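Trainee: Quick check, what structure comes out for this input:
(chains A and B)
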Amino acid sequence: MALEFRSVTKEFTTGAGQNLVAVNDIGFRVNEGEFVSVVGPSGCGKSTILSMTAGLYQPTRGEVLVSDEPVSGPNAHVGFMLQKDLLLPWRDIVSNVEFGLEARGVARSERRDRAMAELKRCHLAGFENHFPYQLSGGMRQRAALARTLAIKPEIVLLDEPFSALDAQTKLLLQNSFARTISETGKTTLLITHDLAEAVLMSDRILVLSERPGTVVAEIKVDLPHRDEPLQRRVMPEVSDYAAQIFKHLKLEEKAI
Amino acid sequence: MTQVGSMETGAKAPAEVAKPVMSSQSKTYLASLALLVLVLLAWQFLPPALGVPKFIIPTVTDCLIEMKRMLLQEGLVGHTLSTALYTVLGFAIGSLLGAVIGYLLGMSEFWEKVLSPYILALQIAPKVAFAPLFIMWFGYNAMPKLLVTVLIVFFPVLVNVLQAMRTVDRDLVNLARAYNLSRWGIFMKVEMPSTLPNLMAGLRIASTLAVIGVTVGELVGGNTGLGFLISYGGGQANAAMVFNAIVLLTVIGFLLYTVLVRIEERVLHYLPKAQH
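Mentor: From the prediction side, this is the model:
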């Protein structure tokens, strides 16, 4: 089991001293090499799930397990990526990719080798000495993926990594990410609000309710070409799946 | 392929923009120079034409003659070097203290909140007004002017650094935490570089203030420096001497500022040029 949430509840204390339940009694499992998406309305605690997996904070109740071990703090098994590329603007691309390795006792020359290999895998060979501002948004996200993969994580967490991109770049990048991830065989948790994206890229989709978030549905995507979203995109079943998720989100009831 | 294409256009764009910028730049240089010549001419010929005596407004040539006299008889080089030295020294000490305390407070929300009202009060208090006090305490030596300079330089640097520490991207810090960086590692690899643009802006402001600090210190007490020459010349109704001292003070400040801008361009090379 690569990732497991065991009836996890997370409460925050707001500035006014009230208790805010972000996620309530969430339980799910992600198998090794599986690509699972989490969709849900905004504010349903999607990012809370990510932060707890990354070990940035602990659940109030329940347990989060990565590779069958409880997460008790930032750990080397998890790499995460956000909507923002979070590249350090004062470092060139290859040094940015090395960033995650620096606190982990990897020798300088090995860091450089691993970073260059990841850049090549993410189709950024030749751009290692560019600075982030010299790259397009899509290339910067690919650099961020290279940085995430360079630490050789067991789990990759993606928090809406495509949502700041224009429609075409998004499609191309989804495709390139899907291929890279399936090549490396990484277990992946994608957090997104884009239903089509979830269907195109995942093996399985978890649908969360409004806050406090709980898992209201689990949908297995039984389609080929997980490593090629552009091919999946033209399949007629995709819209059926999207409609199915849409139903679970109960958006019609909220429409005024 | 598409990405490579976009890179090429991205690289081409600045070059295309650069050409008209260059020509408009030389145009503005030319205009600035013409304005300077105009002002100098007016300065040279207007006061005598209007019958203003030269102890009120000396002409350009009067000033130049006086400059030569000061060089030969008043030890102008020594005074200028002394002022320059204390400007740089005060600037260095003040900005180092400001930066260090700014970073320390930036790392501790508690102490920042405890100290912020006093920092604000000290920031508002006119620092030059402390000069007579420092003379009472330390006597007529270099200490008072150095202290005034340090004090006046300290706050803009401190405030800029503190402000920048507060606005460091939390997600970047979280990323660093997830990568197991220590507190010190996060500071050195994320927070410090993030605050560099603000630190440099603070240093630029501080460099112009440093000259003021030294000048006030020298005006109030002592017998060295360009500030002393200003009060000495003023006492003798030697306006040309005052004018010359002011010009030299400006040159010192301008040089310091220029050096800082050069350093800033080096250090912040990674910022797109349009933001400069």
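
Trainee: Helices of the stretch 51-200 of chain A, start to end?
Mentor: Remark: helices assigned in the stretch 51-200 of chain A by DSSP state H, counting those that start in this stretch are A:93-98, A:108-121, A:137-150, A:167-184, A:195-201.

Trainee: Now the second one: buried residues?
Mentor: For helix A:108-121, a neighbour-count test (16 or more other Cβ atoms under 10 Å in any protein chain shown) marks A:R111, A:R112, A:R114, A:A115, A:M116, A:E118, A:L119, A:R121 as buried. Every C-beta, even on glycine, is put in place using the N, C-alpha and C of the backbone.

Trainee: Would you format the helices of the stretch 51-200 of chain A as a markdown table with distance to B:T59 and mean pLDDT included?
Mentor: Below are the helices of the stretch 51-200 of chain A laid out as a markdown table (distance: least, Cβ to Cβ, whole Å; pLDDT from 0 to 100):
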| stretch | distance to B:T59 | mean pLDDT |
| --- | --- | --- |
| helix A:93-98 | 59 | 93 |
| helix A:108-121 | 65 | 90 |
| helix A:137-150 | 60 | 90 |
| helix A:167-184 | 66 | 87 |
| helix A:195-201 | 76 | 88 |
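
Trainee: ok, and the closest non-adjacent residue to the most centrally placed residue in chain B?
Mentor: Chain B has B:S207 as the residue nearest its centroid, 1.8 Å off, counting by Cα atoms, centre = their mean. Leaving out its chain neighbours, the residue that sits closest to B:S207 by Cβ to Cβ, 6 or more residues apart in numbering or on different chains is B:L256, at 4.5 Å.

Trainee: looking at it, that neighbour is touching B:L209, isn't it?
Mentor: No - contact criterion Cβ atoms under 8 Å: B:L256 and B:L209 do not qualify, at 10.5 Å.

Trainee: Just give the nearest non-adjacent residue to A:R233, would you?
Mentor: A:L200 (5.9 Å).

Trainee: Could you count how many residues lie near that neighbour?
Mentor: Neighbourhood size, A:L200 [other Cβ atoms under 10 Å in any protein chain shown]: 27.

Trainee: can you tell me which residues contact it?
Mentor: A:Q174, A:A178, A:P229, A:R232, A:R233, A:V238 (Cβ atoms under 8 Å, 6 or more residues apart in numbering or on different chains).

Trainee: go with 10 Å
Mentor: A:37, A:171, A:174-175, A:178, A:194, A:221, A:223, A:225-226, A:228-233, A:235, A:238, A:241-242 (Cβ atoms under 10 Å, 6 or more residues apart in numbering or on different chains).

Trainee: I'd like the distance between it and chain B.
Mentor: Distance of A:L200 to chain B, given as Cβ to the nearest Cβ, to the nearest Å: 19 Å.

Trainee: Would you check that B:Y179 makes contact with A:N96?
Mentor: No - the pair B:Y179 and A:N96 fails to qualify as a contact (Cβ atoms under 10 Å) at a distance of 11.7 Å.

Trainee: Now do the shared contacts for the two.
Mentor: A:R147.

Trainee: Would you check that the residue nearest to the centre of chain B makes contact with B:V214?
Mentor: No - B:S207 is beyond contact range of B:V214, at 11.7 Å (criterion: Cβ under 10 Å).

Trainee: For these two, list the residues in contact with both.
Mentor: Listed as contacting both B:S207 and B:V214 by Cβ under 10 Å, 6+ apart are B:T87, B:V88, B:F91, B:I252, B:G253.

Trainee: Is the second one in contact with B:L260, as I believe?
Mentor: Yep, that's B:V88 we're talking about. No - using Cβ under 10 Å, B:V88 is not in contact with B:L260, being 11.2 Å away.

Trainee: Could you name every residue contacting both of these two?
Mentor: By Cβ under 10 Å, 6+ apart, the residues touching both B:V88 and B:L260 are B:S207.

Trainee: got the contact list for the spatially closest residue to A:F127 that is not a sequence neighbour?
Mentor: Nearest non-adjacent residue to A:F127, counting by Cβ to Cβ, 6+ apart: A:I93, 5.5 Å away. Applying Cβ under 10 Å, 6+ apart, we find A:I93 in contact with A:87, A:115, A:119, A:124, A:127-132, A:134-135, A:139-140, A:142-143, A:146-147.

Trainee: Buried by neighbour count, from those: which ones?
Mentor: Buried residues within the contacts of A:I93, counting neighbours by 16+ other Cβ under 10 Å: A:87, A:115, A:119, A:124, A:127-128, A:130-132, A:134-135, A:139-140, A:142-143, A:146-147.

Trainee: Need the per-residue pLDDT for the residue nearest to the centre of chain B.
Mentor: Looking at B:S207, its pLDDT stands at 94.

Trainee: so what does the helix or strand hosting it touch, helix or strand wise?
Mentor: In this structure, B:S207 sits in helix B:192-220 according to DSSP states H and E. The contact analysis (3 or more Cβ pairs under 10 Å, 6 or more residues apart in numbering or on different chains; DSSP states H and E) places helix B:192-220 against helix B:76-107, helix B:131-138, helix B:142-166, helix B:170-178, helix B:226-235, helix B:239-267.

Trainee: again, only this time at 6 Å
Mentor: Applying 3 or more Cβ pairs under 6 Å, 6 or more residues apart in numbering or on different chains; DSSP states H and E, one finds that helix B:192-220 contacts helix B:76-107, helix B:131-138, helix B:142-166, helix B:226-235, helix B:239-267.

Trainee: so what are the domain limits for the chain?
Mentor: Here I'm looking at chain A. Chain A breaks down into these domains under automatic domain parsing: A:3-77+A:155-254, A:87-152.

Trainee: um, chain B though
Mentor: Listed by automatic domain parsing, the domain ranges of chain B are B:1-52, B:56-275.

Trainee: hey, which of those is tucked in deepest?
Mentor: Of all the domains of chain B, domain B:56-275 carries the top mean neighbour count, a mean of 18, counting by mean count of other Cβ atoms under 10 Å in any protein chain shown.

Trainee: And that one, how far out from the chain middle?
Mentor: In terms of Cα atoms, centre = their mean, to the nearest Å, the centre of domain B:56-275 is found 6 Å from the chain centre.

Trainee: avg pLDDT for stretch B:78-96?
Mentor: Regarding stretch B:78-96, the rounded mean pLDDT is 96.

Trainee: contact partners of it?
Mentor: Stretch B:78-96 is contacted from outside by B:145-146, B:149-150, B:153-154, B:157, B:203, B:206, B:210-211, B:213-214, B:224-226, B:229, B:248, B:252, using Cβ atoms under 6 Å, 6 or more residues apart in numbering or on different chains.

Trainee: Now with 8 Å, please.
Mentor: With Cβ under 8 Å, 6+ apart as the test, stretch B:78-96 has contacts from B:142, B:145-146, B:148-154, B:157, B:202-203, B:206-207, B:210-211, B:213-215, B:217-218, B:224-229, B:248-249, B:252-253, B:256.

Trainee: any low-confidence regions in the stretch 151-256 of chain A?
Mentor: A:251-256 (pLDDT under 70).

Trainee: any idea where the strands of it begin and end?
Mentor: Secondary structure of the stretch 151-256 of chain A (DSSP state E, counting those that start in this stretch): strands at A:155-159, A:187-191, A:204-208, A:215-220.

Trainee: what angle do the second one and strand A:155-159 make?
Mentor: Read it as strand A:187-191. Interaxial angle, strand A:187-191 versus strand A:155-159 (axes from the mean of the first three to the mean of the last three Cα atoms, to 10 degrees): 10 degrees.

Trainee: tilt between strand A:187-191 and helix A:167-184?
Mentor: Per the same axes, to 10 degrees, the angle that strand A:187-191 makes with helix A:167-184 is 160 degrees.

Trainee: Done for today, thanks.
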